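In: let's see this in three dimensions:
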Amino acid sequence: MTSRLPTLPSGLSDVDVALARLVHRLWPGDELLPRTAALVSHERGLGHVCVHLSEQAGLLAEARDELQPEAEARSFRWPEVAEWRRRLLASGVAVTGNSELLAPLVLDEADRLYLTRYYWAEKGLAQGLAACAKEASDVPPDPSSRALRTSLFAPDDPRVTDQARAAEAALRGGLTLISGGPGTGKTTTVTRILLLLLSSRPDLRIALAAPTGKASARLGESIAASLDDLTHQPELEATLSQAAPEALDRIPRTARTLHRLLGYRPRYDRFIHRSENPLPCDLVVVDEASMVDLLLMSALVDALPDGASLLLLGDRDQLTSVEAGFVFGDLAEAAKSSGEERCDPDVESIGSLVELRHSWRFARRIGIGDLAEAVRRGDATEALRVLDDSARDDVSLSRHLGTDAILEPLKSPIEELLAAEDPSTALSKLSTFRILCATRVGPWGVERMNRVVEGWLAERGHPTEERFYPCRPILVQENDYQNGLFNGDLGLCWHQGGRTWAIFPGPDPASPRRLPLAKLPRHDTAWAMTVHKSQGSEFDRVLLVLPEDGASAGSVLSRELVYTGLTRAKRRVDLVATPEVLREALTRSGRRRSGLVDALRLEAGSRRGAGSTPD
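Out: Numbers count the residues shown, from 1 in each chain. This next block holds a predicted model:
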């Protein structure tokens with residue numbers, strides 16, 4: 001008879017416990033093994049790709065009996081690294097990366113412990129990115145396109161210096177990362193890069209993609225808008241007609257989700273396009289790359305054909321992906337900063353990183369811009385000074401007060417929404433404001449803030465007791481390809497002609513799409529949303545609500561979360577938080593544990609060494 005499952009670390013999910021049970025059944029006799037398996041699974045659920053044994057070794061951990069959850073918690077101590085490693089490998093529950101045996105866990109030479117799938121995904125990603133980066137040309141771009149480059153990236157304008165560097169890096173091919181905050185011109189830059197590439201390579205096959213349906217739609221719209229802006233600049237007209245007469249028409253105006261690009265088949269949990277059936281393209285451009293997790297990025301790189309280039313757009317200071325890993329951040333750390341001196345010339349790098357530092361948006365909104373920079377640096381003292389400066393009238397800080405006080409900054413835009421006389425005006429008003437929260441549940445989470453707004457509306461006589469009351473904001477929670485709706489799309493309820501419709505933006509802002517309520521995919525009320533859900537969105541005004549104490553937000557609260565939330569605002573941000581919680585948030589980093597940086601540098605070094613070896 002199988003012995004009873006030992007007490008496990010507290011706070012585990014059902015998946016964590018199931019893995020622990022499996023390990024205990026297959027490798028009975030050592031209580032460390034199921035506990036370790038549960039720990040690695042739990043950390044993956046928190047977004048970490050691996051567990052560093054050295055960070056846990058010797059620590060006390062609280063444990064509970066999963067069969068008697070009401071029993072008093074006990075504690076146990078994790079072993080020292082050498083003993084931990086010995087027991088894992090001796091049992092066979094873990095193997096080293098160079099082993100030909102299969103096991104649930106893999107332990108690398110740096111004592112990082114992985115679920116097997118994540119170890120091989122990380123290793124394959126590092127190899128694929130190294131191969132992609134190697135495709136970069138050492139030959140400078142064709143001088144025949146110099147006039148067009150000069151026109152698109154004015155050399156005498158210091159505000160576009162970084163954009164010009166990004167173009168030079170991308171024109172060389174291989175792997176290029178362009179990082180920048182909101183309003184730094186990432187989409188404008190990539191549109192002009194595509195124009196340059198197509199002017200010299202008319203047959204270049206380009207794929208545009210993003211991790212979510214909302215982000216992919218926004219990418220296509222932004223590129224179309226950038227092209228329209230280009231064609232209406234008289235000073236560029238002559239150059240474009242001479243140097244790129246047909247390139248403008250070849251630039252794709254639509255983007256796909258990464259899952260659609262790769263041909264995901266949920267029934268088999270695999271993609272149509274992979275190494276043996278690569279994508280039919282020469283360049284893949286991925287927007288909002290900071291939201292792409294390890295497994296999805298690994299699948300994308302695996303599907304790149306030989307010789308193809310990869311251009312990633314993102315913000316290395318933004319929130320990490322929902323699933324495990326922070327690939328864009330790891331790549332930014334491992335990539336070579338184009339045009340800048342490297343801090344350590346002995347460290348190998350992969351690809352080129354260009355950071356866009358001039359914010360065209362926040363140059364006019366100095367409060368948001370200065371606050372974002374202070375938060376990005378983790379400087380709480382400067383952030384509080386900016387918030388306390390009355391001269392910066394686009395930011396404010398208030399504590400958690402009563403309903404009326406909290407909603408005061410948004411009462412006017414909410415009333416304008418309710419007063420809208422047609423659906424297009426209502427959608428336009430809805431897009432101007434949002435309440436953003438750190439968590440979904442809890443005293444100051446999304447669910448509570450939605451109830452706060454609905455309570456205030458009910459006091460004014462609005463029929464919020466109805467499920468689909470007039471102007472109720474709707475946030476789609478899943479992709480619905482049949483009706484052209486995607487996870488993260490925002491719409492509202494609209495009463496007209498005795499019926500209630502779900503209204504969503506259409507290609508023509510003056511003609512919104514109408515959907516019968518019966519066809520609505522899974523959705524939530526969206527007066528408020530989590531900061532995670534807001535990624536890729538922009539609003540004129542944002543009310544950013546943090547919890548009253550850091551403990552209630554758990555591991556979610558971080559400077560990346562605060563930075564992402566406040567930079568969703570284009571004109572004004574009102575922050576609800578105590579100075580103590582803001583300081584605590586800015587001391588926390590949402591950085592994920594992984595071995596990708598080391599793996600990338602190892603691949604870069606091995607390929608450089610192989611390339612320098614004489615035949």
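
In: pLDDT weak spots in the stretch 101-250 of the chain?
Out: When residues are selected by pLDDT under 70, those of the stretch 101-250 of the chain lie in 138-145, 147, 155-156, 158, 234-245.

In: now do the strands in it.
Out: 105-107, 112-115, 175-180, 206-210 (DSSP state E, counting those that start in this stretch).

In: which strands and helices sit next to the third one?
Out: To tie it back to what came earlier, the one meant is strand 175-180. Secondary-structure packing of strand 175-180 (3 or more Cβ pairs under 8 Å, 6 or more residues apart in numbering; DSSP states H and E): helix 116-134, helix 161-171, helix 186-200, strand 309-314, helix 327-334, strand 352-356. For glycine as for every other residue, the C-beta is placed from the backbone atoms N, C-alpha and C.

In: and the residue lying closest to P305 once chain neighbours are set aside, how many residues sit next to it?
Out: Nearest residue to P305, sequence neighbours excluded (Cβ to Cβ, 6 or more residues apart in numbering): P278, at 3.8 Å. Look at P278: counted by other Cβ atoms under 10 Å, it has 14 neighbours.

In: isn't P278 right next to L304, touching?
Out: Yes. The criterion here is Cβ atoms under 8 Å, and P278 meets it with L304 at 6.4 Å.

In: list the contacts for S589?
Out: With contacts defined as Cβ atoms under 8 Å, 6 or more residues apart in numbering, the neighbours of S589 are 378, 558-560.

In: can you map out the helices along the stretch 1-150 of the chain?
Out: 14-26, 32-45, 53-56, 81-91, 116-134, 146-152 (DSSP state H, counting those that start in this stretch).

In: can you pull the buried residues of the fifth one?
Out: Of the residues in helix 116-134, those buried by neighbour count under the rule 16 or more other Cβ atoms under 10 Å are 118-119, 121-134.

In: same check on the last one?
Out: Judged by neighbour count using 16+ other Cβ under 10 Å, the buried positions of helix 146-152 are 148-149, 151-152.

In: one more: the third one?
Out: By 16+ other Cβ under 10 Å, the buried positions in helix 53-56 come out as 53, 56.

In: and for that helix, what are the contacting residues?
Out: By Cβ under 8 Å, 6+ apart, the residues outside helix 53-56 that reach it are 39, 78, 81, 84-85, 107, 111-113.

In: which one of these is nearest to A335?
Out: Nearest to A335 among these: R112, at 21.3 Å, using Cβ to Cβ.

In: please name the nearest non-neighbouring residue to the closest one.
Out: If the residues on either side of it in the chain are set aside, R112 comes closest to C50, at 4.3 Å by Cβ to Cβ, 6+ apart.

In: ok, that neighbour touching L113?
Out: Yes. With contact defined as Cβ under 8 Å, C50 reaches L113; the gap is 6.0 Å.

In: grab the most central residue of this protein for me.
Out: M291 (2.1 Å; Cα atoms, centre = their mean).

In: that one: what's it in contact with?
Out: So M291 contacts 211-212, 215, 314, 319, 321-322, 535-536 (Cβ under 8 Å, 6+ apart).

In: among those, which one sits closest to R357?
Out: Out of the contacts of M291, the member with the shortest distance to R357 (by Cβ to Cβ) is G314, at 14.8 Å.

In: wait, that closest one sits on F328?
Out: Yes. G314 is within contact range of F328, at 4.5 Å (criterion: Cβ under 8 Å).

In: okay, and the common contacts of the two?
Out: 177, 179, 289-290.

In: most neighbours out of these, which is it?
Out: Neighbour-wise, the shared contacts of G314 and F328 (other Cβ under 10 Å) top out at A289, 31 neighbours.

In: contacting residues for that residue?
Out: 177, 211, 312-314, 327-328.

In: what distance do you get for it to Q535?
Out: Remark: distance between A289 and Q535 (Cβ to Cβ, to the nearest Å) = 12 Å.

In: who touches both of those two?
Out: By Cβ under 8 Å, 6+ apart, no residue touches both A289 and Q535.

In: please, which helix or strand holds the residue lying closest to Y563 once chain neighbours are set aside?
Out: The shortest distance from Y563 to any non-neighbouring residue, by Cβ to Cβ, 6+ apart, is to V375 (4.7 Å). In this assignment (DSSP states H and E), V375 forms part of helix 366-377.

In: packing partners for that helix?
Out: Using 3+ Cβ pairs under 8 Å, 6+ apart, the elements in contact with helix 366-377 are helix 380-387, strand 395-398, helix 559-566, strand 569-576.

In: re earlier: so which of the contacts of S589 would you say is closest to S91?
Out: Checking the contacts of S589 one by one against S91 (Cβ to Cβ), the nearest turns out to be S558, at 35.9 Å.

In: where does the closest residue to the closest one other than its chain neighbours land in three-state SS?
Out: Leaving aside its sequence neighbours, S558 sits nearest to G590 (Cβ to Cβ, 6+ apart; 4.0 Å). Three-state call for G590 (DSSP: H, G, I helix; E, B strand; the rest coil): coil.

In: mind checking pLDDT for G590?
Out: Among the per-residue scores, G590 shows a pLDDT of 75.

In: quick check: it touching Y563?
Out: No. With contact defined as Cβ under 8 Å, G590 does not count as touching Y563 (9.9 Å).

In: so for stretch 253-264, first residue to last residue, what's the gap.
Out: 22 Å (Cα to Cα, to the nearest Å).

In: please work out the average pLDDT along that stretch.
Out: Mean predicted lDDT for stretch 253-264 stands at 89.

In: what comes up buried for the host helix or strand of A426?
Out: According to DSSP H and E, A426 maps onto helix 423-430. Of all the residues in helix 423-430, those buried under the rule 16+ other Cβ under 10 Å are 423-430.

In: next structured bit after that helix?
Out: Following helix 423-430 toward the C-terminus (DSSP H and E): strand 433-437.

In: hmm, who's touching that next one?
Out: Strand 433-437 has contacts (Cβ under 8 Å, 6+ apart) with 410, 413-414, 444-446, 449, 453, 526-531, 534, 537, 539-545, 565, 568.

In: tell me where the stretch 401-550 of the chain has helices.
Out: Under DSSP H, counting those that start in this stretch, the stretch 401-550 of the chain gives helices at 403-418, 423-430, 446-459, 531-534.

In: quick one: closest of those helices to V23.
Out: Proximity to V23 (Cβ to Cβ) singles out helix 531-534 among the helices of the stretch 401-550 of the chain, at 31.1 Å.

In: for that closest one, packing partners?
Out: So helix 531-534, by 3+ Cβ pairs under 8 Å, 6+ apart, packs with strand 433-437, helix 559-566.

In: how big is the angle separating the last one from helix 366-377?
Out: Between the axis of helix 559-566 and that of helix 366-377 there is an angle of 160 degrees, by axes from the mean of the first three to the mean of the last three Cα atoms, to 10 degrees.

In: that older thread, of C50 and L113, which one has the most company?
Out: A side-by-side neighbour count of C50 and L113, using other Cβ under 10 Å, places C50 first with 28 against 23.

In: pull the contacting residues for that one.
Out: Contacts of C50 by Cβ under 8 Å, 6+ apart are 40, 43, 108, 112-114, 118-119, 593-595.

In: that one and A210: what is the separation?
Out: To A210, C50 is 27 Å away according to Cβ to Cβ.

In: cool, and L475?
Out: L475 is 18 Å from A210, where distance means Cβ to Cβ.

In: which one's more surrounded, the two?
Out: Neighbour count, other Cβ under 10 Å: between L475 and A210, A210 has more, with 26 against 21.

In: can you list the helices of the stretch 1-150 of the chain in a markdown table and add distance to R205?
Out: Putting the helices of the stretch 1-150 of the chain into a markdown table (distance: least, Cβ to Cβ, whole Å) gives the following:
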| stretch | distance to R205 |
| --- | --- |
| helix 14-26 | 40 |
| helix 32-45 | 36 |
| helix 53-56 | 45 |
| helix 81-91 | 46 |
| helix 116-134 | 16 |
| helix 146-152 | 21 |
